[in-house]
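Peer 1: only geometry, no sequence info:
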C-alpha cells in the first residue's frame, strides 16, 4: 500500500491538490510517510526524527488545543511527509531553505494545511498536517 492510501480521505483530497500544484511547478512530489503505528513512531522518536509520540501521523492521536482565551477544542489530526522523489531529504533538499520546501509550505498553507517548516522548536519541512475538530470550543474539559 502506498503511503498516500493510508491517509484520511479528506486530508488525502486536500494533499492531492498540493501534490498536483507542485508537479505543475516541475517538482516530483511523493508522500514518503503517512499513517504510522505507535511502534513506528517510537522508532522515529528514538532516531531523533520526531520529538513526540503524539504525532498526527499516528491514528487515534487526539489533542486539546487552545481556542481563544479560556477555551479548548478537541482535535484529531492527519499528517504526511512530502518529498521530491529525486532528493528525499538529501542533496539539495538537506538545506531547509531548498525551493521545494518553500513551495510545499506555501501551497500547503494555501489549501488550509499546516506546514511543519513553520514550527519554531523543531522545524519539519517535509511535514504537512490537517486538523479535524472533534468538538467545538469548550470552556471546561472533562477527563
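Peer 2: Received, thanks. Quick caveat: nothing in here was measured; it's all calculated off a predicted structure.

Peer 1: distance of the residue nearest to residue 37 when sequence neighbours are not counted from residue 47?
Peer 2: Once flanking residues are discounted, residue 37 sits nearest to residue 58: 7.2 Å by Cβ to Cβ, 6 or more residues apart in numbering. (C-beta placed from N, C-alpha, C; glycine too.) Separation of residue 58 from residue 47 (Cβ to Cβ, to the nearest Å): 16 Å.

Peer 1: Check residue 15 too.
Peer 2: Counting by Cβ to Cβ - residue 15 and residue 47 are separated by 24 Å.

Peer 1: Look at those two and report which has more neighbours.
Peer 2: Under the criterion of other Cβ atoms under 10 Å, the comparison of residue 15 against residue 47 puts residue 15 first, with 26 against 8.

Peer 1: just checking, that one touches residue 128?
Peer 2: Yes. With contact defined as Cβ atoms under 8 Å, residue 15 and residue 128 form a contacting pair (6.8 Å).

Peer 1: Please enumerate the helices of this protein.
Peer 2: Taking DSSP state H as the criterion, the chain carries its helices at 9-24, 38-47, 99-110.

Peer 1: Could you save these as CSV and add columns showing distance to residue 92 and mean pLDDT?
Peer 2: Output for the helices of the chain, formatted as CSV (distance: least, Cβ to Cβ, whole Å; pLDDT from 0 to 100):
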stretch, distance to residue 92, mean pLDDT
helix 9-24, 15, 94
helix 38-47, 23, 84
helix 99-110, 8, 98
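
Peer 1: Alright, calling it a day.
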